[in-house]
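>>> model this:
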Amino acid sequence: MTGAPREALTPTPTPLQPAPRFGAAIGREVWIKRDDIGSVGYAGNKIRKLEFLAPALGDADTLLIVGALQSNAARATAAFAASTGRRCVLVIPAERPAVAPPLEGNALLGALFGAELRYLGAVDWAGAEAASAEIAAELESEGARCAVLPAGCSSPRGTLGFVAAHEELLRQLSAVGLDPAAIVHASSSCGTAAGLLLGRALHGGPPIVSVDVGRLFEPVEDRILGLAAGAAELLGVDARVAPGDLDVTYEFIGDGYAQPTPECLEAIRLLAATEGIVCDPVYSGKALAAVASAPGSGPVVFWHTGGAQSVFTSAAAEALVAS
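Numbers count the residues shown, from 1 in each chain. Below you'll find the predicted structure:
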């Protein structure tokens, strides 16, 4: 993909591998795009977005990003900040807990990478993004040079990471002679969905099934279309993602964001037991639960967006092993 500055942060292409034992268990041929592979700080889909955000940071010495305490994007941003000598501030749309939560999973990694926490109270995610700009102004008044990253690293520029990733996958599919019925992935901040859909508009390929994990940004479809349009403008291309191109499912959300469903937990256990691959109960596990019901009868590519770090929390352990 040309015309878009990119800073390489993780080895690509990530593997595309068959999952025969998992596929046999659910009655579908399944292949897995392994974006979960990488270093403990840099693994996961957020790195692809950071690769395109990084060149636009200029002389910023402080990065702010909205996310939950166990945010994958915040952990990746904190790792990136540490590796480039920057300060990282995680802006959390939640009340500050009366008792400090245990340092585990992504929160532990973020602390090791030096991330600072700012709790906003009970605001929605869109409101939290606006509040980040206010915090940045406060820090700049103290002498910092700030860059505010969007939740999930999902902006039109960050979306370019998955336009490039879509091209990467098409080359891999061609190399193994695979014609999937669908690509299934987890979606929350919508940049992954927007990038894959724009990639498909540009280069073709199988339908994209976006499994929303919490309806964090409403209306979801409008956000996806807006990100895709912004990314197309950055690339200077006429390709357009139309509403009819979207296949967003809300059937696997359950009780809400970061609330795993029984189907999600069972799918995580099954993949681990059959393939030795770990998904998380917030994002990738919910999408994994949707693979068996993906449209069509042909092979399914499950795009593993990472997140296994959050499995290493007491809540995830209790849900996955003790239940």
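
>>> name the element the residue lying closest to residue 281 once chain neighbours are set aside belongs to?
Excluding the flanking residues, the one nearest residue 281 by Cβ to Cβ, 6 or more residues apart in numbering is residue 260, at 3.6 Å. (Each C-beta comes from the backbone N, C-alpha and C, glycine too.) Taking DSSP states H and E as the definition, residue 260 sits outside all helices and strands.

>>> Quick check, pLDDT for residue 260.
Residue 260 is assigned 95 on the pLDDT scale.

>>> Next up, the contacts around it.
Contact analysis of residue 260 by Cβ atoms under 8 Å, 6 or more residues apart in numbering lists 254, 281, 282, 285, 286, 319.

>>> Weed out the non-buried ones from the residues you listed.
The neighbour-count test (16 or more other Cβ atoms under 10 Å) marks 254, 281, 282, 285, 286, 319 as buried among the contacts of residue 260.

>>> can you confirm the second one is in a helix?
What it means is residue 281. No - assigned with DSSP: H, G, I helix; E, B strand; the rest coil, residue 281 falls outside any helix and is coil.

>>> quick one: it and residue 310 touch, right?
Yes - using Cβ atoms under 8 Å, residue 281 is in contact with residue 310, at 7.4 Å.

>>> okay, and the common contacts of the two?
The contact sets of residue 281 and residue 310 overlap at residue 316 (Cβ under 8 Å, 6+ apart).

>>> just to revisit the earlier point, and of the contacts of residue 260, the nearest to residue 86?
Lowest distance from residue 86 to these (Cβ to Cβ) belongs to residue 282, with 25.9 Å.

>>> Please report how far that closest one lies from residue 153.
Computed with Cβ to Cβ, to the nearest Å, the distance linking residue 282 and residue 153 is 16 Å.

>>> And for residue 249?
Separation of residue 249 from residue 153 (Cβ to Cβ): 23 Å.

>>> and the two? which has more neighbours close in?
Between residue 249 and residue 153, counted using other Cβ atoms under 10 Å, the more crowded position is residue 153 (30 against 17).

>>> Spatially nearest residue to the more buried one, not counting backbone neighbours?
Nearest one to residue 153, counting by Cβ to Cβ, 6+ apart, is residue 49 at 3.7 Å.

>>> what sits against the one you found?
Applying Cβ under 8 Å, 6+ apart, the residues contacting residue 49 are 73, 152, 153, 154, 158, 159, 161, 162, 191.

>>> Of the residues you listed, keep whichever come out buried.
Buried subset of those (neighbour count, 16+ other Cβ under 10 Å): 73, 152, 153, 154, 158, 159, 161, 162, 191.

>>> Check the offset of the helix or strand hosting the first one from the chain's centre.
Pointing back at residue 73 there. Assessed by DSSP H and E, residue 73 sits inside helix 72-83. Taking Cα atoms, centre = their mean, to the nearest Å, the mean C-alpha location of helix 72-83 is offset from the chain mean by 13 Å.

>>> which residues are in contact with the helix or strand just after it?
Going down the chain from helix 72-83, the next helix or strand is strand 87-92, by DSSP H and E. Residues outside strand 87-92 that contact it (Cβ under 8 Å, 6+ apart): 61-69, 71, 74, 77-78, 81-82, 110, 113-120, 128, 131-132, 135, 139, 144.

>>> from those, which ones fall inside strands?
Cross-referencing the contacts of strand 87-92 against strands under DSSP state E gives 62, 63, 64, 65, 66, 116, 117, 118, 119.

>>> need the residues you listed in JSON lines with distance to residue 200 and pLDDT, can you?
What follows is these, written out as JSON lines (distance: Cβ to Cβ, whole Å; pLDDT from 0 to 100):
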{"residue": "62", "distance to residue 200": "36", "pLDDT": "98"}
{"residue": "63", "distance to residue 200": "31", "pLDDT": "98"}
{"residue": "64", "distance to residue 200": "32", "pLDDT": "97"}
{"residue": "65", "distance to residue 200": "28", "pLDDT": "96"}
{"residue": "66", "distance to residue 200": "28", "pLDDT": "93"}
{"residue": "116", "distance to residue 200": "39", "pLDDT": "96"}
{"residue": "117", "distance to residue 200": "38", "pLDDT": "95"}
{"residue": "118", "distance to residue 200": "37", "pLDDT": "95"}
{"residue": "119", "distance to residue 200": "39", "pLDDT": "94"}
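
>>> Export those residues as a markdown table, with columns for distance to residue 206 and neighbour count.
As requested, the ones in strands among the contacts of strand 87-92 are arranged in a markdown table below (distance: Cβ to Cβ, whole Å; neighbours: other Cβ atoms under 10 Å):
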| residue | distance to residue 206 | neighbour count |
| --- | --- | --- |
| 62 | 41 | 21 |
| 63 | 35 | 25 |
| 64 | 37 | 25 |
| 65 | 32 | 26 |
| 66 | 32 | 29 |
| 116 | 42 | 14 |
| 117 | 40 | 15 |
| 118 | 41 | 17 |
| 119 | 41 | 13 |
